[in-house]
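Engineer: prediction below, plus the sequence it came from.
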Amino acid sequence: MKKQENSRDLVVDFKKYLVELHRDGVDYLPAGEEPAPAESVGVSLLASLRELKRRGEGLSGCRKCSLASGRENVVFGEGGFRKKVMLIGEGPGETEDRQGRPFVGRAGRLLDKILMSIGLTREDVYITNIVKCRPPGNRDPRPDEILACWAHLEDQIEALRPRAIVSLGSPATRTLLESRKGISQLRERVHDYQGIPLIATYHPAYLLRSYTVENRRRVWEDVKRLQKLLQEEDPPEE
Ligand code: SF4
């Protein structure tokens, strides 16, 4: 029952989001692809996802950096990864820390709507962060914390070999691209991360704080860039 209510809320929220996009001047939605049936997900991918889940569970006692002392749960990452897109944020927030899952608070609900606008769901992506434990007061992770946790993210990228990475917000984008530029500049083109196309966009938590027409349009442009990239690699059948 709870699950049904959540889905209904998401549809209602999504309709509101579409109205906002329309108000912002977006007058069409790109055609989404039919979701892949679960059985079309390769056996090796399922094995990688299972292996990652196991590694995530094995991290529950990690004390490699000072973030361990304030966390409730290690938030490793999750997702069905059917479209082989990996989303990387900066670190878990309060709700994520409590539930042990990435992007489940208000920012997560906004992320769901953003994904839905190009026909994607959580089953199509894998979501994680550059640090797996919550920085106190939701501050940005410090360089020493990012460094301590880096091997875990590298493992995830190596195991999944995504066809595209979307970095959410400045800390994740600047870390992955080893750049000191701001997110507004970095989001303007597709980058290359070790042979994987990387698209940068605003973190949904920032978008919630600064919910302007301009920012919504920018995020819309970024997700369209992602959709174009996926379609170029995997053109829809005639
Ligand atoms: S942030 Fe990463 S390195 Fe630090 S304690 Fe958590 S899992 Fe370990």
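Structural biologist: Cool, got the structure.

Engineer: which parts of the chain are strands?
Structural biologist: All strands of the chain, identified by DSSP state E, fall at 85-89, 125-129, 164-168, 191-193, 196-201.

Engineer: nearest to residue 109, of those?
Structural biologist: Residue 109 lies closest, by Cβ to Cβ, to one member of these: strand 125-129, at 13.2 Å. In short, each C-beta sits where N, CA and C put it, glycine included.

Engineer: now for residue 151, how many residues are close by?
Structural biologist: Residue 151 is flanked by 10 other residues according to other Cβ atoms under 10 Å.

Engineer: same question, residue 62
Structural biologist: 17.

Engineer: so for it, what's the pLDDT?
Structural biologist: pLDDT for residue 62: 97.

Engineer: quick one: it and residue 73, what's the gap?
Structural biologist: Relative to residue 73, residue 62 is positioned 11 Å away (Cβ to Cβ, to the nearest Å).

Engineer: thinking again about what came up before, with distance to residue 137 and mean neighbour count added, can I get the strands of the chain in CSV?
Structural biologist: Formatted as CSV, the strands of the chain follow (distance: least, Cβ to Cβ, whole Å; neighbours: other Cβ atoms under 10 Å):
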stretch, distance to residue 137, mean neighbour count
strand 85-89, 16, 26
strand 125-129, 16, 26
strand 164-168, 19, 26
strand 191-193, 29, 15
strand 196-201, 24, 22
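
Engineer: ok, which of those strands comes nearest residue 155?
Structural biologist: Residue 155 sits nearest to strand 125-129 of all these, at 10.4 Å, using Cβ to Cβ.

Engineer: what's that closest one in contact with?
Structural biologist: 49, 75-81, 83, 85-92, 102-103, 111, 115, 153, 156, 160, 162, 172 (Cβ atoms under 8 Å, 6 or more residues apart in numbering).

Engineer: can you rerun that using 7 Å?
Structural biologist: With contacts defined as Cβ atoms under 7 Å, 6 or more residues apart in numbering, strand 125-129 is touched by 75-79, 81, 83, 85-92, 102-103, 115, 153, 156, 160.

Engineer: cool, stretch 188-198 as well?
Structural biologist: Contacting residues not belonging to stretch 188-198 are listed as 162, 164, 165, 167, 176, 177, 199, 200, 225, 229 [Cβ under 7 Å, 6+ apart].

Engineer: re earlier: out of the strands of the chain, which gets nearest to the ligand?
Structural biologist: Judged by Cβ to the nearest ligand atom, the one of the strands of the chain that comes nearest to the ligand is strand 125-129, at 8.9 Å.

Engineer: all the helices of the chain, residue numbers only.
Structural biologist: Remark: helices assigned in the chain by DSSP state H are 2-23, 43-58, 94-99, 106-116, 143-160, 170-177, 183-186, 204-209, 213-233.

Engineer: distance to residue 193 added to those helices, as JSON lines?
Structural biologist: Below are the helices of the chain laid out as JSON lines (distance: least, Cβ to Cβ, whole Å):
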{"stretch": "helix 2-23", "distance to residue 193": "28"}
{"stretch": "helix 43-58", "distance to residue 193": "18"}
{"stretch": "helix 94-99", "distance to residue 193": "24"}
{"stretch": "helix 106-116", "distance to residue 193": "20"}
{"stretch": "helix 143-160", "distance to residue 193": "8"}
{"stretch": "helix 170-177", "distance to residue 193": "6"}
{"stretch": "helix 183-186", "distance to residue 193": "12"}
{"stretch": "helix 204-209", "distance to residue 193": "21"}
{"stretch": "helix 213-233", "distance to residue 193": "13"}
